[in-house]
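S.K.: Curious how this folds, go ahead:
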Amino acid sequence: MEFTIERLFIIILQFLYFLSISNLGEGNLYKGLLFCGVILCVVITVVKIDKKEFELKKFLVFLSIIALSVFGILFSKGKEFALLFMYFIGIMGIEKDDLIESFLIADLMYFIFSFLLCILGFLNFTIVDDGKNILVLGFQNKNFLGLLIFDIVTLITIRSEEYDVRKTVLQLVSMILCLFFIECRSAGYALISLLIIYPIFINRKFFENKLEYIGLQLEYLILGIISLIVAFIFPKLPVLKGIDKLLSGRLSAWSFYAFNMPIRLFGNYFYTASLMPLDNGYLTIIFRYGFLLFLMICAMSLIIVRKIYKRQDYILLLPFICYSIYALFEFSPMTIFNNICFAYLAVDVGIFEESENY
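M.R.: Predicted structure coming up:
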């Protein structure tokens, strides 16, 4: 495996992200590691750009997109989305296989690191939740462990475009683990979707349908609109009450925000912890971060699908769909740290031209 600064960039930021959502994320040690890690990533980014020659026209387009995005972020209270652009620049030009391997290495490294800290007694294997011991492996809650397991299984699945029954077994075992031992339903449902569509996506004829191509481009917009519709009609349809119980009260939470939060261009300033959990990535962005940022993510998803088709990297459609489904139950799949498809935007981007001395 060739070592590159892009790989280092990914591993550092992924590791810092997982530390931030663990029980180590509140201490001074983490703050020191965060400071050193971010400084190192900034240095990597500067070195990377310094060794490139700017192509003015492309760079101005790129700069305009960044400026518009940052403007939306500053007004939408979505400060964490600023990292998306730092990430984008830091890994720009990376190859797809390097991207997948780097994410997988970072995730496995943290999984092993967290497991060892639990064995040594620095972190807890379990926490008490509703009177039961729930496996969390040092994370702040079970949903983060479920998400990490889903990330690892998905990355292993897409390393090859050939069907492998061992991957199906891994998906099945992981689904059972998430549903019955970790009791993270959102990860379990996402793994069910992965288990079902994995054999389908190996057949390339699936991608020849133009209607499916259009549907994939608009998937984030469609799922966001569906989430809004369900949130508003929830009180009027008794059949949704049963689904709400299955989803641990998620639909009633969606409805609460739909009737108590206005939809604004730049979002509303609130924290879900002070109200109630809003376990829907689309609605979290619409209500908290604003409709502008939601439309920007919809545009990004359209570009991602077109890029996948142009490069014929069809296996990347598998996580694209699965993370879209996952985002119906959690916010985290909307971030670049968990959704490799957002990072895929940086693959072979021709905004910078290689200098002769590089």
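
S.K.: which residues of the stretch 101-250 of the chain fall in strands?
M.R.: Under the criterion DSSP state E, counting those that start in this stretch, strands of the stretch 101-250 of the chain are mapped to 126-129, 132-135.

S.K.: could those go into JSON lines alongside mean pLDDT, distance to residue 247 and mean neighbour count?
M.R.: Placement of C-beta: from N, CA and C, glycine included. As requested, the strands of the stretch 101-250 of the chain are arranged in JSON lines below (pLDDT from 0 to 100; distance: least, Cβ to Cβ, whole Å; neighbours: other Cβ atoms under 10 Å):
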{"stretch": "strand 126-129", "mean pLDDT": "79", "distance to residue 247": "17", "mean neighbour count": "13"}
{"stretch": "strand 132-135", "mean pLDDT": "82", "distance to residue 247": "18", "mean neighbour count": "14"}
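
S.K.: Among those, which comes closest to residue 275?
M.R.: Comparing the strands of the stretch 101-250 of the chain against residue 275 with Cβ to Cβ, the closest turns out to be strand 126-129 (20.5 Å).

S.K.: Low-confidence regions, the protein specifically.
M.R.: 1-3, 25-38, 40-83, 85-86, 203-206, 273, 349-358 (pLDDT under 70).

S.K.: Nearest to residue 255 among the strands of the stretch 101-250 of the chain would be which one?
M.R.: strand 126-129 (24.5 Å).

S.K.: From residue 112, how far off is residue 301?
M.R.: Taking Cβ to Cβ, to the nearest Å as the measure, residue 301 falls 32 Å from residue 112.

S.K.: out of these two, which sits in the busier spot?
M.R.: residue 301 (22 against 10; other Cβ atoms under 10 Å).

S.K.: Secondary structure element for that one, which one?
M.R.: Using DSSP states H and E, residue 301 sits within helix 291-311.

S.K.: Contacts for that helix next, please.
M.R.: 68-69, 72-73, 76, 78, 81, 96, 207, 213, 216-221, 224, 263-267, 282, 285-286, 313-314, 316-317, 320, 324, 334, 341-342, 344-345, 347-348 (Cβ atoms under 8 Å, 6 or more residues apart in numbering).

S.K.: How about stretch 110-129, which residues are buried there?
M.R.: 110, 111, 113, 114, 117, 118, 123, 124, 127 (16 or more other Cβ atoms under 10 Å).

S.K.: Filter these down to the ones in helices?
M.R.: Among the buried residues of stretch 110-129, the members found in helices (DSSP state H) are 110, 111, 113, 114, 117, 118.

S.K.: Include distance to residue 143 when you put these into JSON lines, please.
M.R.: Shown next, in JSON lines, are these (distance: Cβ to Cβ, whole Å):
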{"residue": "110", "distance to residue 143": "16"}
{"residue": "111", "distance to residue 143": "16"}
{"residue": "113", "distance to residue 143": "19"}
{"residue": "114", "distance to residue 143": "15"}
{"residue": "117", "distance to residue 143": "19"}
{"residue": "118", "distance to residue 143": "18"}
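
S.K.: which one of these is nearest residue 194?
M.R.: Nearest to residue 194 among those, with distances taken as Cβ to Cβ, is residue 111, at 18.0 Å.
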